[in-house]
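Participant: This is a predicted model, with the sequence first.
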Amino acid sequence: MSLKVGIVGLPNVGKSTLFNAITNSKVEAANYPFATIQPNFGIVGVPDQRLEKMAQIMNSKKIVPTTIEFVDIAGLIAGASKGEGLGNAFLANIRETDLICEVVRCFDDKNITHVEGNVDPIRDIEIINLELILADEATVKKRLERIEGKAKSSKDKDMLAEVDVLIRLKECLSEGKLLNTLELNDDDSKILKSFQLLTTKKFVYVANVSEGEIKTDNDYVKKVRDFAQANNAEVVKICAQVEEELSELESEEKLAFLNDLGVEQSGLDTLIKVAYLTLDLQTFFTVGPQEAHAWQFPKGATAPQAAGIIHTDFEKGFIKADVYNCEDLINLGSEQNVKNAGKMRLEGKTYILNDGDVCFFKFNN
């Protein structure tokens, strides 16, 4: 599976520049609103040093990292929920994503136009979030109008349960709150899933700063961090322009550039880690002479469920799995050494995978 992250924001905040950096592609990044009209898609491999080290040990012919698909979505303006600007396209594209990455400008530059006239990241966030709330509110009201009468007259339990959830959603949205702040049980969540609502998704806020402000937070970034903390969201500080320059460098040059900037890792690497954390995703590996392969899985997955990520037949016919931690292979230097040290285990159907597990699945055809 590939994680799909929608990059959103007001026009001219650095979305397309960030997208260029992420995918090392050259989509148009111009100093005017709606330079992005159709969404741009880019799939990027997730950097993982553990995978590369194991591939060296196993002499793997091929390395296959996990991937993230980034979607650079058209800039949103106030009134998007009513079709203003490119609102309808924006809302349709964002429904398909797993995570919403909101880019806000956190630096002053008189040479770069801001669609609202001045830099104010909290105002920008509130504009975007309000449009998403209004779009969800319209969806909920429409559905409620369609089934509320039928539910009451038929007394159908499923329909009544749906009405109850819809009423709670409507109340939450009318208070100007994102639906991801609402506490729901498993049954409620199942009902909610079919609606494809925008504000049920998790958010990461990307504070786009100037190169000189990478190491320290300016007042704009501090305000974004306070807002995110109050709304149970994460913040990643990035200089989109620097990230674009980094994307064009080889590994050693990139490391030297980061050292010169006084930072340990790129903003992109940080964003990927935060995206994984926010969506409760982890990584397991399959390694051998042919390929070293990283696989994305949801935290809490069992061994058969993880096997099913590779192929559905693996889950159906699952018997057992040989499992060890990737750090043991890296530290001990070979699978035989891992076995000799008693670090390899045989796990069954109830085993819950951990991040960094290396697995060899045994199954019936």
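Facilitator: Received the coordinates, thanks. Not measured: the values here are computed from a predicted model.

Participant: So Glu213 versus Asn20, what's the distance?
Facilitator: Distance of Glu213 to Asn20, computed by C-beta to C-beta, to the nearest Å: 20 Å. Bear in mind the C-beta positions are built from the backbone N, C-alpha and C, glycine included.

Participant: More neighbours: which of the two?
Facilitator: Asn20 (24 against 16; other C-beta atoms under 10 Å).

Participant: Please identify the helix or strand for that one.
Facilitator: Following DSSP states H and E, one finds Asn20 within helix 15-23.

Participant: ok, then the element right after that helix?
Facilitator: From helix 15-23, the next helix or strand downstream (DSSP H and E) is strand 40-45.

Participant: if we can go back for a sec, mind giving me the packing neighbours of the helix holding Asn20?
Facilitator: Packing partners of helix 15-23 (3 or more C-beta pairs under 8 Å, 6 or more residues apart in numbering; DSSP states H and E): strand 3-8, strand 40-45, strand 67-72, helix 240-247.

Participant: domains of the protein?
Facilitator: Taking automatic domain parsing as the criterion, the chain consists of the domains 3-120+200-278, 133-193, 300-363.

Participant: and the ones you listed as CSV, adding distance to His293 and mean pLDDT?
Facilitator: Putting the domains of the chain into CSV (distance: least, C-beta to C-beta, whole Å; pLDDT from 0 to 100) gives the following:
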stretch, distance to His293, mean pLDDT
domain 3-120+200-278, 4, 80
domain 133-193, 29, 90
domain 300-363, 8, 96
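
Participant: export these to JSON lines and tack on distance to Val287?
Facilitator: Below are the domains of the chain laid out as JSON lines (distance: least, C-beta to C-beta, whole Å):
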{"stretch": "domain 3-120+200-278", "distance to Val287": "5"}
{"stretch": "domain 133-193", "distance to Val287": "35"}
{"stretch": "domain 300-363", "distance to Val287": "6"}
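
Participant: Relative to Phe285, which of the ones you listed is closest?
Facilitator: Judged by C-beta to C-beta, the one of these that comes nearest to Phe285 is domain 300-363, at 4.7 Å.

Participant: roughly how far is the closest one from the heart of the chain?
Facilitator: The gap between the average C-alpha position of domain 300-363 and the chain average comes to 26 Å, counting by C-alpha atoms, centre = their mean, to the nearest Å.

Participant: circling back: also compute the angle for the helix holding Asn20 relative to strand 67-72, please.
Facilitator: Taking axes from the mean of the first three to the mean of the last three C-alpha atoms, to 10 degrees, one finds helix 15-23 and strand 67-72 inclined to each other by 160 degrees.

Participant: CA atoms of helix 15-23 as CSV?
Facilitator: As requested, C-alpha coordinates have been extracted for helix 15-23 and formatted as CSV (Å, rounded to 0.1, in the frame of the first residue of the first chain):
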residue,chain,number,x,y,z
LYS,A,15,3.2,24.2,-2.0
SER,A,16,4.5,23.5,-5.5
THR,A,17,8.1,24.4,-4.5
LEU,A,18,7.8,21.8,-1.7
PHE,A,19,6.3,19.3,-4.2
ASN,A,20,9.3,19.8,-6.6
ALA,A,21,11.6,19.1,-3.7
ILE,A,22,9.7,16.0,-2.6
THR,A,23,9.5,14.3,-6.0
